[in-house]
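> Sequence first, then the predicted structure:
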Amino acid sequence: METEIKDLMKLTNRTIAQEVQHLLEEHGIYSLIESDHPASSLMAVYSPMNVIEDLVVKVHRDDEMGARSVIVAGGYEEYLLK
């Protein structure tokens, strides 16, 4: 059985991940940003250091093709997973 959630992008810059997330939301596509660092959100609040983490932007499989189009049009194509 195929999973409902698809990995769309992989990057290390949280600001860009959030920009992409907002861009997708403007087009009615909801996404999830997943970090490989379990305490990254908490550390960002309490520590002046930037947390080094790998981020994956995920979308529902029904939205994948539309999300890819939005991301390419928005200039973030380099981060898309193949």
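Good, I have the coordinates. Numbers count the residues shown, from 1 in each chain.
> Buried residues of the top helix by length along the chain, list them for me.
Using DSSP state H to define each element, the chain has its longest helix at helix 14-26. Residues of helix 14-26 classed as buried by neighbour count (16 or more other C-beta atoms under 10 Å): 14, 17, 20-21, 23-24. Yep, even glycine has a C-beta here, placed from its N, CA and C like the rest.
> likewise stretch 71-82?
Result for stretch 71-82 [16+ other C-beta under 10 Å]: buried residues 71, 76, 79-80.
> Who is V59 paired with across the strands?
For V59, the beta-bridge partners are K6, S31 (DSSP bridges).
> Which pLDDT value goes with L42?
As predicted, L42 sits at a pLDDT of 56.
> who are the neighbours in contact with the spatially most central residue of the chain?
Nearest residue to the geometric centre of the chain (C-alpha atoms, centre = their mean): V57, 2.4 Å. V57 sits next to 7-11, 17, 20-21, 31-34, 79 when contact means C-beta atoms under 8 Å, 6 or more residues apart in numbering.
> What lies in contact with the longest helix of the chain?
Against helix 14-26 from outside (C-beta under 8 Å, 6+ apart): 9, 11, 30-31, 33, 40, 44, 53, 55, 57, 59, 67, 70-71, 74, 76, 79.
> For I52, see how far away A67 is.
From A67 across to I52, the span is 26 Å (C-beta to C-beta, to the nearest Å).
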